[in-house]
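Engineer: Quick one: sequence and predicted model below, then my questions.
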Amino acid sequence: MVDQPTAPPTDPAPKPRPSPVRRAASALWRRTRSSAPGLMISLLAAGLLSTALGAGAMGRADEMSDGAVWLWDSPAGESFRVNGDNARIDLVAALPGSAGRPVQVTQNDDYLLLHDPETGRVTSVDLREMGFSGVLELGTGGDFGLALGEEAAVVIDRASGEVKAVDPATLQPTGPSLRIPAPLVGGAFDDSDTLWLGVPTQGTVVGIRVEAEEAVITQTASVADPGADIAVTVLDDGVLAVDRNGDRMVAVRNGGESRTITSPVPLEGAEVPPRTRGDLAAVTLPGSGDVVTVSDPTGSAGVDHFSTGREGGGTAVPYEGRFYVPFPEEGAVRVFGPSGDELNPITLPGAEGPLELEAREGSLYINSPDTGVAAVVDPGGRATVIDKTAPPPGPGETDEDEPAPREPAPDGTTAPEPGDAPVPDAGAPDAGDTTAPESGGTEGGAAPRAPAVESPRDDGEEEDEGTAPGAPTPVSFTAGDGSVTLSWPEAYSPDSPVETYDITWQGGSTTVDGSELEATITGLENGTSYRFRVRASNAFGTGPAAQTEEVTPSPRAPGAPSGVAVAAAGSDSVTVSWEAAEGAADYLVSASSDSDPVSDRTSTGTSVEVAGLAPGGTYTFTVTARGAGGVSGESATSAPFTMPTQEIGAPAGVSFSASGDTVTVTWSQVEGATQYTITPHGDGSRSLSEVSTPGTAAGGGQLSYTYQPRGSGRCYSFTVLAASESATADSGTTSTASCSREFR
């Protein structure tokens, strides 16, 4: 951990030998990191936590969440939780098999969501219970987003315009999907738990809240002409929309009116961060290196701009009155004051690839996901560089490169030590580059970096080269009369076969063979809630826990669902539907197949979409009704369903023309498609409805469909989605929006 900037002492004191506690911490840190590819608790947070904080500290791990942010490290395939108050790592969550991948991290104080876009899998970590709690298969491709508010969680399919409220623990839908004209842009919650999205085809932004576990639109505001290219950044209270086709920005307050703001320069190609915190917003123009600044966007809306004077800069992020602009090729973040004066830059030694910036929990976090370096900037502008691979200090210790506290001077200030130079704040003008010094000599006045903490050998024994299994997530459950049946997928264990699965709950435990993927726990008390944890063990150790929700055994079971049907919903997904069962609180949907295993799904409705299926694979789906507390009733099973092997593409050249009292939609024929769904948008769509049609030949490989509007609307756009007899395209194509005269 290195503060920037630093001033070298004139006569560096020799480094003291690390304390026994620190050496033990380092050793355990190495063993933990090498043997547990799942949720891992660093030594500072767990290994010695009961010693430092007293018994039961692990159960209070959720109390440490405020002021901390999770950062992804691609080479290690791990997410690190960094405490913003002291710039230290206190927790690590590894995602098995994701090393080298650009995993996306979404977080709040209670949950951590890890989305691997290369596999399409989202994994949820319950930070309150410290266990893996859910899995969602989104499939590969597409443009998906995840958003967590204080209480709400949503999955956004920007390409199809679908917004779905989910349980952040299980990642299962809690209500029906909300459909919005695609494509969508943005997607983040403001401080009031309102989700904001841009809808370019309509020239609008929409505010969405999760009410009664269902996503509903609560506010719509026009911000540009229909079809305009817009970008949005979510503010603490509302949203700022940028019209890239002109020079207009519109700030929308949550529940209030809109304010139009004129930019001093054209906004073509403008970029904004997904979320802006504080009363200062930034709009970056990468082509010119300009940054447009807006103070108090929903209030006084003061506008200015400055130039970074360099090419290659990324999206500016405002924080505490300064603007931070990443320059990935330099491995640096350039800092600018409110009027555009350049201040002291922040350099991340060895950083390669993208630099991710996020203002959150009172600090600015800078992460190099492709390397092991990050930085935390405090409100005063001082940056602390972090080595994400270094072991944490032991309890009661500080980092060894951190000076000991100094005695206060008589006037109450901190007395300088001999040879000390003034230490300017990071971001002070004319302070020069603050590249953190490398280990080694002190040529050129560079301060020596503290050497790596010693990693003592373990009684002369070499460490085994292998890892413990990952968490067998998700753990599904059904409850009965004094019993609970658990099932789980095979744990990820590339280095050694799983030998056992260890199951624990309040007041009991059991172990099953590694070839078993289910267990029935009996002798439980009806009416008592239980939470079950399952850990896999192999020759190298025991992995992290996957856990259930609370389960309550009872003799009262719901009825059985009926009429289970399966329909293709995309090239790798299906919709499973059924008739409701009497007394059911929700339904567990499981799949058996001749292909890769599929995670179970739950639904409180009578249908669920299952993604991540293999083309040509045959699947059978079983639906089990569950009453309150997970008590299961009878099950119903579908007929075998074989996924299509032919992928259906999106139609090209979607357009429309208005003539007299008709509007004709035209598109290019898609190979293999037999049906097309046409969805109208715009104010003219009020008198139109979604239709499915084979289309009418229009010559030259074109198809068409003609509407006869009866309303007074004048603005339109249309989305065309292709389907075959057994498959539906993953996304449709939307025409450019335009306005015509009113229809009579």
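Structural biologist: Alright, I've got the coordinates. Quick caveat: nothing in here was measured; it's all calculated off a predicted structure.
Engineer: give me the beta-bridge partners of Ala479?
Structural biologist: Using DSSP bridges, the bridge partners assigned to Ala479 are Val484, Val631.
Engineer: How about Gly508?
Structural biologist: Under the criterion used here (DSSP bridges), Gly508 is bridged to Trp505.
Engineer: just Ser363 next, same as before
Structural biologist: Beta-bridge pairing for Ser363 (DSSP bridges): Arg360.
Engineer: these two touch, right, it and Val376?
Structural biologist: Yes. At 5.3 Å, Ser363 counts as touching Val376 under the criterion of Cβ atoms under 8 Å. The C-beta positions use only the backbone N, C-alpha and C, and glycine is treated the same way.
Engineer: what number of residues lie near the nearest residue to Gly617 once chain neighbours are set aside?
Structural biologist: Spatial nearest neighbour of Gly617, excluding adjacent residues (Cβ to Cβ, 6 or more residues apart in numbering): Ser595 at 3.5 Å. For Ser595, the count of nearby residues is 14 (other Cβ atoms under 10 Å).
Engineer: what sits against Ser595?
Structural biologist: Contact analysis of Ser595 by Cβ atoms under 8 Å, 6 or more residues apart in numbering lists 613-614, 617-619.
Engineer: And what about it, helix, strand or coil?
Structural biologist: Counting by DSSP: H, G, I helix; E, B strand; the rest coil, the backbone at Ser595 sits in coil.
Engineer: Can you report phi and psi for it?
Structural biologist: phi -110, psi -160 (degrees, to the nearest 10).
Engineer: ok, it to Pro615 distance?
Structural biologist: 9 Å (Cβ to Cβ, to the nearest Å).
Engineer: Hmm, Gly482 and Glu525 touching each other?
Structural biologist: Yes. With contact defined as Cβ under 8 Å, Glu525 counts as touching Gly482 (7.1 Å).
Engineer: Overlap in contacts, those two.
Structural biologist: By Cβ under 8 Å, 6+ apart, the residues touching both Glu525 and Gly482 are Pro553.
Engineer: hmm, back to that, could you check the pLDDT of the residue nearest to Gly617?
Structural biologist: Here, the pLDDT recorded for Ser595 equals 73.
Engineer: likewise Leu343?
Structural biologist: At Leu343, pLDDT is 96.
Engineer: Let me know how buried it is, in neighbour terms.
Structural biologist: Count around Leu343 with other Cβ under 10 Å applied: 21.
Engineer: any idea how far it lies from Arg382?
Structural biologist: Separation of Leu343 from Arg382 (Cβ to Cβ) stands at 12 Å.
Engineer: Following the chain past the least confident helix or strand in the chain by mean pLDDT, name the next helix or strand.
Structural biologist: When each helix and strand of the chain is scored by mean pLDDT, DSSP states H and E, helix 49-53 comes last, with a mean of 27. Using DSSP states H and E, the helix or strand that follows helix 49-53 towards the C-terminus is strand 68-73.
Engineer: Tell me the first helix or strand C-terminal of that following strand.
Structural biologist: strand 78-83.
Engineer: which helices and strands sit right next to that following strand?
Structural biologist: For strand 78-83, the packing partners by 3 or more Cβ pairs under 8 Å, 6 or more residues apart in numbering; DSSP states H and E come out as strand 68-73, strand 88-94, strand 373-377.
Engineer: will you turn those strands into JSON lines that also has mean neighbour count?
Structural biologist: Converted to JSON lines, these look like this (neighbours: other Cβ atoms under 10 Å):
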{"stretch": "strand 68-73", "mean neighbour count": "24"}
{"stretch": "strand 88-94", "mean neighbour count": "24"}
{"stretch": "strand 373-377", "mean neighbour count": "26"}
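Engineer: Turn those strands into a markdown table, including distance to Thr606 and mean pLDDT.
Structural biologist: A markdown table is the format used below for the helices and strands packed on strand 78-83 (distance: least, Cβ to Cβ, whole Å; pLDDT from 0 to 100):
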| stretch | distance to Thr606 | mean pLDDT |
| --- | --- | --- |
| strand 68-73 | 36 | 94 |
| strand 88-94 | 35 | 86 |
| strand 373-377 | 46 | 97 |
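Engineer: Sketch out the low-pLDDT regions of the stretch 401-550 of the chain for me.
Structural biologist: Along the stretch 401-550 of the chain, segments meeting pLDDT under 70 span 401-464.
Engineer: redo that, cut-off 90
Structural biologist: 401-468, 470-471, 473-474, 492, 494-495, 543-544, 549 (pLDDT under 90).
Engineer: ok, back up a step: which stretch among the helices and strands packed on strand 78-83 comes nearest Ala153?
Structural biologist: strand 68-73 (15.6 Å; Cβ to Cβ).
Engineer: and the angle from the closest one to strand 78-83?
Structural biologist: When axes from the mean of the first three to the mean of the last three Cα atoms, to 10 degrees is applied, the directions of strand 68-73 and strand 78-83 differ by 150 degrees.
Engineer: Could you tell me which strands sit next to strand 68-73 in the sheet, and their orientation?
Structural biologist: Taking DSSP bridges as the criterion, strand 68-73 pairs within the sheet with strand 78-83 (antiparallel).
Engineer: for the partner strand, what is the average pLDDT?
Structural biologist: Mean predicted confidence for strand 78-83 is 92.
Engineer: what does stretch 670-679 give?
Structural biologist: Summarised as a single mean, pLDDT over stretch 670-679 is 91.
Engineer: Of all the residues in it, which ones are buried?
Structural biologist: Neighbour-count burial for stretch 670-679 flags 670, 672-673, 676-679 (criterion: 16 or more other Cβ atoms under 10 Å).
Engineer: Show me what that stretch is in contact with.
Structural biologist: 181, 646, 648-651, 665, 667, 690-695, 703, 705, 718-725, 729, 732.
Engineer: if you look at these, which of them are in strands?
Structural biologist: Mapping the contacts of stretch 670-679 onto strands (DSSP state E) picks out 665, 667, 691-693, 703, 705, 718-723.
Engineer: between the residues you listed, which is nearest Arg158?
Structural biologist: Nearest member of those to Arg158, counting by Cβ to Cβ, is Thr719, at 13.2 Å.
Engineer: got a list of what the residue most central in space within the chain touches?
Structural biologist: The residue lying closest to the centre of the chain (Cα atoms, centre = their mean) is Thr106, at 2.9 Å. Thr106 makes contact with 112-113, 115, 146-148 under the criterion Cβ under 8 Å, 6+ apart.
Engineer: Next one: it from Thr170, what distance?
Structural biologist: 15 Å.
Engineer: I'd like the distance between the closest residue to His681 other than its chain neighbours and Arg88.
Structural biologist: Nearest residue to His681 in three dimensions, chain neighbours excluded: Pro181, at 4.1 Å (Cβ to Cβ, 6+ apart). Distance of Pro181 to Arg88, given as Cβ to Cβ: 46 Å.
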